[in-house]
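> No letters, just coordinates:
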């Protein structure tokens, strides 16, 4: 008797024998049958907690879980997932079509990762893991969420997304027109980070000639690019850009700035000498030349003074040892050093303060303030006094200062000048009230008394006498002035 097709399938599905096949044992159909037998052999599932009701065990397709049709449907569904829109599967609630005896899964087990009857293995992991947890199949994201990465955004939309911090790819902008549109929209957005990001992409994908040419007409982008190259220390490309733009002065200053990275003073001096031929502006050219001349002079002074200090030939180096090297110091610091250690040298020497003043064209005030501070530090009061002495064309001498005498008094006081020295300069302050204030502050009593006498202020003299010690020279001087009948007091 011939069996129909359905009976034949039931026979092969239920028989302990299997049909002969020329394929290997690991073919897909064999694995599906092995899956069925593995699922059917699972021990009865243990009931859930007492407070939970029994949950019907269903598959996503409504077929009995573990059956051949279920396995085939699941395999076919997995192959078609990439071609269809992901959607949450419908659950068939028709319990009459579900065979509990053939199902080893429950919804609670799928979502909680639990199994009934202890640990068991999935068919695909039978040989590797004995405690695999079961989860519900992961739902794929809608295709709309992948638009951020795969959609064909326009340059304007790309810039907007960059401003929002979203991931974008600039690689798809291949034509020069698209790249320039991207840059123009970035500049219009007034977002420095976006402009810099686009410029980095253009720097990588365009030739230098094309990039420099296009940036010439886009000054905002050009400024950003120059700043980026400066911060990233890409000196070579920055020099090429400035040269292409015809900005020779900026190019020269950029090259001159490289001296900061040269530690050896002789190599730095040689580098500065090579910079003298660069196309600086007239003002900058003078500064670079002065820098070179100053460093050359500092090298000579440092070598000479170092030898003298080690040999102990000059007393000033023994009394006031040098605390630091003069190399690479500013001009005013160098002048202070020479006023401190070489004040009396003739103008023909490199270390002479007068030679430095003449060479570098220092103003009278710059020289005066520096020399005053250096000589006051050494307590060389005769040299301080000589700074203020000047002669007129008639031969008369008088004290003259390019600095206010109030400032002079402050400098002398900071260097612990004695009262006798201070009062000579407090007396030269023009304003009477300020002179009295400074005299009282520095205890120059004679200046206060003489100023009140000149102002013919008897009451102020009486008040100041009360502050003096009884029997002191100041008190006696005030009494003599008060008893002088020739003075016409105002009060």
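Sure thing, it's come through. Keep in mind that this is a model prediction, so the values were computed, not measured.
> Can you tell me the closest non-neighbouring residue to residue 301?
The shortest distance from residue 301 to any residue other than its chain neighbours is 5.0 Å, reached at residue 351 (C-beta to C-beta, 6 or more residues apart in numbering). C-betas here are computed from N, CA, C, even on glycine.
> name the element that neighbour belongs to?
In this assignment (DSSP states H and E), residue 351 forms part of neither any helix nor any strand.
> Equivalent analysis for residue 390, please.
Secondary-structure element containing residue 390, defined by DSSP H and E: strand 389-391.
> Follow the chain on from that strand and name the next helix or strand.
On the C-terminal side of strand 389-391, the closest following helix or strand by DSSP H and E is strand 397-399.
> residue ranges with poor pLDDT in the stretch 51-200 of the chain?
Within the stretch 51-200 of the chain, the set of residues satisfying pLDDT under 70 comprises 51-151.
> Please apply the same query to the stretch 301-450 of the chain.
Applying pLDDT under 70 to the stretch 301-450 of the chain flags residues 391-395.
> for stretch 337-349, how far is the first residue from the last?
Start to finish, the residues bounding stretch 337-349 are 14 Å apart (C-alpha to C-alpha, to the nearest Å).
> Let me fix that, I meant to ask about stretch 464-474.
End-to-end distance of stretch 464-474 (C-alpha to C-alpha): 10 Å.
> buried sites along that stretch?
Of the residues in stretch 464-474, those buried under the neighbour-count criterion (16 or more other C-beta atoms under 10 Å) are 464, 465, 468, 474.
> Which of those fall within strands?
Assignment to strands by DSSP state E places none of the buried residues of stretch 464-474 there.
> who touches the residue nearest to residue 301 in this structure?
With contact taken as C-beta atoms under 8 Å, 6 or more residues apart in numbering, residue 351 is in contact with 301, 304, 305, 338, 341, 342, 345.
> Repeat the analysis, applying 6 Å as the threshold.
Taking C-beta atoms under 6 Å, 6 or more residues apart in numbering as the definition of contact, the neighbours of residue 351 are 301, 338, 342, 345.
> Select from these the one having the most neighbours.
Note: the member of those with the most neighbours is residue 338, at 27 neighbours, neighbours being other C-beta atoms under 10 Å.
> sorry, back to before: let me know the closest of the contacts of residue 351 to residue 207.
Residue 207 has its nearest neighbour among the contacts of residue 351 in residue 301, at 51.3 Å by C-beta to C-beta.
> Could you report the distance from the closest one to residue 210?
For residue 301, the distance to residue 210 (C-beta to C-beta, to the nearest Å) stands at 53 Å.
> Measure how buried residue 486 is and give me the count.
A count of neighbours around residue 486, defined by other C-beta under 10 Å, yields 4.
> before we move on, the earlier item: can you tell me which of the buried residues of stretch 464-474 end up in helices?
By the criterion of DSSP state H, membership of these in helices covers 464, 465, 474.
> how about the nearest residue to residue 172, chain neighbours excluded?
Beyond its immediate neighbours in the sequence, the residue positioned closest to residue 172 (C-beta to C-beta, 6+ apart) is residue 152, lying 7.3 Å away.
> The one you found: what secondary structure?
Three states are possible here, and by DSSP: H, G, I helix; E, B strand; the rest coil the one that applies to residue 152 is coil.
> any idea how far residue 454 is from it?
Here the distance between residue 152 and residue 454 works out to 93 Å (C-beta to C-beta).
> returning to that earlier point: so which of the ones in helices among the buried residues of stretch 464-474 comes closest to residue 282?
Within these, the smallest distance to residue 282 is 59.6 Å, found for residue 464 (C-beta to C-beta).
> ok, and the closest non-adjacent residue to the closest one?
Spatial nearest neighbour of residue 464, chain neighbours left out: residue 448 (6.1 Å); criterion: C-beta to C-beta, 6+ apart.
> Surely residue 300 and residue 355 touch.
No. Under the contact definition of C-beta atoms under 6 Å, residue 300 does not touch residue 355, with a separation of 11.9 Å.
> In the protein, which helix is the longest?
Of all the segments of type helix in the chain, defined by DSSP H, the longest one is helix 282-311.
> Can you name the next helix or strand after that helix?
Toward the C-terminal end, the helix or strand that comes next after helix 282-311 (DSSP H and E) is helix 315-319.
> Can you tell me what sits against that next one?
Outside of helix 315-319, the residues within contact range by C-beta under 6 Å, 6+ apart are 309, 341.
> Name the residues of it that are buried.
residue 317.
> Stretch 313-333 too?
Taking 16+ other C-beta under 10 Å as the basis for neighbour counts, the residues of stretch 313-333 that come out buried are 317, 326, 328, 329, 331.
> Make CSV out of the residues you listed and add distance to residue 175.
As requested, the buried residues of stretch 313-333 are exported to CSV (distance: C-beta to C-beta, whole Å):
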residue, distance to residue 175
317, 73
326, 60
328, 52
329, 56
331, 56
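> Out of these, list just those in helices.
317, 331.
> nearest to residue 382, of the buried residues of stretch 313-333?
Taking C-beta to C-beta as the measure, residue 317 is the one of the buried residues of stretch 313-333 closest to residue 382, at 21.3 Å.
> so what's residue 181 up against?
residue 155.
> Kindly confirm my reading that it is in a strand.
No. With three-state DSSP as the criterion, residue 181 is located in helix rather than a strand.
> That one and residue 155, how far apart?
Applying C-beta to C-beta, one obtains 4 Å for the distance of residue 181 from residue 155.
> Same check on residue 400?
According to C-beta to C-beta, residue 400 stands 72 Å off from residue 155.
> give me the number of residues near residue 427?
By other C-beta under 10 Å, 17 other residues sit near residue 427.
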